[in-house]
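Participant: Please find the sequence and the predicted model below.
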Amino acid sequence: MPKELIDFEIYLVYVDSEKCDGCEECIKYCSVDVFDFFVNKAVPARPRNCLGCRTCEAVCKSKAVIITEI
């Protein structure tokens, strides 16, 4: 019996610490708990949780969050 392949997408989650103003909007709106707050900046602590919805990018006023499909 052949193996069944499962297709899934993986996303690279990046926060530019120079641009991040510490507003915590990405943390508030992320439904899968990707981000943590460390030293007044957002950090992608659990990037494997990312579903690629890009809500965090949309709510980031400083444009510090970048999601890339890999």
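Facilitator: Happy to help now that I have it.

Participant: how about the helices in the chain?
Facilitator: 25-29, 55-59 (DSSP state H).

Participant: Identify each buried residue in the first one, please.
Facilitator: Residues 25-27 are the ones in helix 25-29 that count as buried (16 or more other C-beta atoms under 10 Å). From N, CA and C alone the C-beta is placed, and that goes for glycine too.

Participant: for the last one, same thing?
Facilitator: Of the residues in helix 55-59, 55-56, 59 count as buried by neighbour count, 16+ other C-beta under 10 Å.

Participant: One more: stretch 35-47?
Facilitator: Within stretch 35-47, the residues scored as buried using 16+ other C-beta under 10 Å are 35, 41-44.

Participant: Name the nearest of those relative to E9.
Facilitator: Closest approach between these and E9, by C-beta to C-beta: P44, at 16.1 Å.

Participant: Was I right to think the closest one contacts Y11?
Facilitator: No - P44 is not in contact with Y11 according to C-beta atoms under 8 Å; the separation is 9.7 Å.

Participant: what's the overlap in contacts for those two?
Facilitator: The contact sets of P44 and Y11 overlap at C50 (C-beta atoms under 8 Å, 6 or more residues apart in numbering).

Participant: sorry, back to before: between the buried residues of helix 55-59, which is closest to D16?
Facilitator: C56 (12.6 Å).

Participant: Quick check: the closest one touching C26?
Facilitator: Yes - C56 lies in contact with C26 (C-beta under 8 Å); the separation is 3.9 Å.

Participant: Which neighbours do the two have in common?
Facilitator: Joint contacts of C56 and C26 (C-beta under 8 Å, 6+ apart) are 34-35, 65.

Participant: Among those residues, which one sits closest to C20?
Facilitator: Among those, and counting by C-beta to C-beta, the member closest to C20 is V65, at 8.1 Å.

Participant: just checking, the closest one touches C53?
Facilitator: No - counting by C-beta under 8 Å, C53 is not a contact partner of V65; they are 11.9 Å apart.

Participant: Who has more neighbours out of those two?
Facilitator: Set V65 next to C53 and count neighbours by other C-beta atoms under 10 Å: V65 wins out with 25 against 14.
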